[in-house]
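*Asks:* sharing a sequence plus its predicted fold:
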Amino acid sequence: MVRDVIDTQFEGISAAWLWQGFLEELPVAHVRAKGGTQGFIDRHDRVEVSVYTANPVESQGGQLGALDIAEQLYSKLSSGPHYTTAGVIDSVEGERTPTLEAYTSGVDVASFSIFVTHRQVPLT
């Protein structure tokens, strides 16, 4: 569901699993579910998001850097609820704020962790 929110509300950012050759299609938001607990109706899962961008961003026409995009995603996701085709994200609680991480010389990576309370909506 987090992928759906990123794909629909952040134009130009692909929320996906990492694939061979993803570095040619930056920026990319890599979204990973880390498991959680099951309630009667909803689930509570930890989700990690890593944003990959070209470095230096100036060479890419002044695009936002990884930390800037991660901060925007973190802020937008925290302001739920979010309604997606996969279901409803009722609430998002921050676990770890966006942080710039070391990667390669040509790529910047910023990541954050959130706790997501979500539920599936029956298809009609």
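*Replies:* Alright, I've got the coordinates.
*Asks:* return the residues in contact with T117.
*Replies:* 42-44, 89-92 (Cβ atoms under 8 Å, 6 or more residues apart in numbering). All C-beta atoms are positioned from the backbone trio N, CA, C, and that covers glycine.
*Asks:* in its sheet, what does the helix or strand harbouring it sit against?
*Replies:* With secondary structure defined by DSSP states H and E, T117 is part of strand 107-119. In the sheet, strand 107-119 lines up against strand 43-54 (antiparallel), strand 87-101 (antiparallel) (DSSP bridges).
*Asks:* after the helix-or-strand element of the chain with minimal mean pLDDT, which helix or strand is next?
*Replies:* Of all helical and strand segments in the chain, the minimum by mean pLDDT, DSSP states H and E falls on strand 14-16, at a mean of 69. Using DSSP H and E, the helix or strand that follows strand 14-16 in sequence is strand 28-38.
*Asks:* distance check, the spatially most central residue of the chain against A15.
*Replies:* The residue lying closest to the centre of the chain (Cα atoms, centre = their mean) is V49, at 4.2 Å. V49 is 8 Å from A15, where distance means Cβ to Cβ, to the nearest Å.
*Asks:* overlap in contacts, these two.
*Replies:* 2, 6, 29, 31.
*Asks:* quick check, nearest of the residues you listed to D68?
*Replies:* A29 (12.6 Å; Cβ to Cβ).
*Asks:* next, count neighbours for the closest one.
*Replies:* Other residues within reach of A29, judged by other Cβ atoms under 10 Å, total 24.
*Asks:* can you read off the pLDDT for it?
*Replies:* What the model reports as pLDDT for A29 is 91.
*Asks:* give the contact list for the closest residue to it other than its chain neighbours.
*Replies:* Leaving aside its chain neighbours, A29 sits nearest to A15 (4.6 Å; criterion: Cβ to Cβ, 6 or more residues apart in numbering). The contact partners of A15, by Cβ under 8 Å, 6+ apart, come to 2-3, 6-7, 28-29, 31.
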